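**Q** Would you be able to build a 3D model of this:
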Amino acid sequence: MAKSRLLIVEDDIDIGNMLEIYFGGLHYDVDIAVRGSEALEKTRQRLPHLIILDIMLPDIDGYEVCRTLRTYTRTSHIPVIFLTQKDERSDKLQGLELGADDYITKPFDIEELRLRVYNSIARSERESLTEPHTNLPSGQLIEDHLRQIIHKEGWTYFDIRLNHFDAFKEAYGFVASDNILRFAAMLLGEVIDEYGTINDFIGHTGNDHFVLFTTEECAPNVKENLLNRFSKEVLTHYNYLDRQKGYIEYAGDGGRPSKNPIITLCIGAVSPSQHEFTDIREITEMAADARRRETV
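**A** This is a model prediction of the structure:
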């Protein structure tokens, strides 16, 4: 199973190092930020599964960091645990009103913090809020976003599939295939950062299937750059011989070797300027049909 990623936002170097060593020993993938602005940038570059957030920071306080995270569509789902010396009821209420998931005061019991971290991540995955490999929004969050945009104008919905992913997984194993999923999620984020808007939404429904919401104006550039970059950069996940051949060859369940192409990205798109939608299922079905028509 993929490691859960923690972002610890703490300007006290000793506490930050202690938490990094402790949670790293529990097999979490831990990153540290000492400033609020640094935390926002790290979150934008690589979505964590959970953020442990100190309130007293040298630039912007933890409240402002949490408020910003909850404002942006791409980061609004990330669980946040406030970690602070403040123990006033008003401070706790302010944090919870901003959308924090939990609140723990210093000095803290490290075992209590461990359980709160574990339970917050487990609850998010259990409620189908995030996909565990990529930490992108999943099931319910995607449906909620579809319901928000269905009666609006100016959006485009992408149905995105990794063609030949299952063959890659059979040949290279689950570790390499998990890396492909994380690579795809990171690429989607990078392209949106460059060619989309801050309110664009990326989701991962599971296995080889992603979704993306952007504006109708940005959609052509987003699609073109996704396809171009993916076709070039996915090759780094193959060994030299397979890159040279342009396909992978392995014996399936029947024992007979078969040739399978390099993974490609296939995208189907729909927008309200082309169709009038009355139900969110119409959006997903028509986008999936458009994607199938794009498949070579």
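
**Q** doesn't residue 265 fall inside a strand?
**A** Yes. Per DSSP: H, G, I helix; E, B strand; the rest coil, residue 265 lies within a strand segment.

**Q** what's near enough to touch the nearest residue to it once chain neighbours are set aside?
**A** Spatial nearest neighbour of residue 265, excluding adjacent residues (CB to CB, 6 or more residues apart in numbering): residue 230 at 4.3 Å. In short, each C-beta sits where N, CA and C put it, glycine included. Applying CB atoms under 8 Å, 6 or more residues apart in numbering, we find residue 230 in contact with 184, 187, 264, 265.

**Q** Now neighbour count and pLDDT too, for these, in TSV please.
**A** Converted to TSV, those look like this (neighbours: other CB atoms under 10 Å; pLDDT from 0 to 100):
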residue	neighbour count	pLDDT
184	26	96
187	18	96
264	16	96
265	21	95
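
**Q** which of these lies closest to residue 138?
**A** The nearest member of the contacts of residue 230 to residue 138, counting by CB to CB, is residue 184 at 14.5 Å.

**Q** list the contacts for that closest one?
**A** So residue 184 contacts 134, 162, 210, 230, 265 (CB under 8 Å, 6+ apart).

**Q** List the ones among these that fall in strands.
**A** 162, 210, 265 (DSSP state E).

**Q** doesn't residue 155 make contact with residue 271?
**A** Yes. Using CB atoms under 8 Å, residue 271 is in contact with residue 155, at 6.3 Å.

**Q** Among those two, which residue is more densely surrounded?
**A** residue 155 (24 against 18; other CB atoms under 10 Å).

**Q** Return the residues in contact with residue 242.
**A** Counting by CB under 8 Å, 6+ apart, residue 242 has contacts 248, 262.

**Q** mind checking which helix or strand it is in?
**A** Here residue 242 sits within helix 240-245, counting by DSSP states H and E.

**Q** how about the helices of the stretch 151-296 of the chain, start to end?
**A** For the stretch 151-296 of the chain, applying DSSP state H, counting those that start in this stretch gives helices covering 165-172, 174-195, 219-233, 240-245, 280-294.
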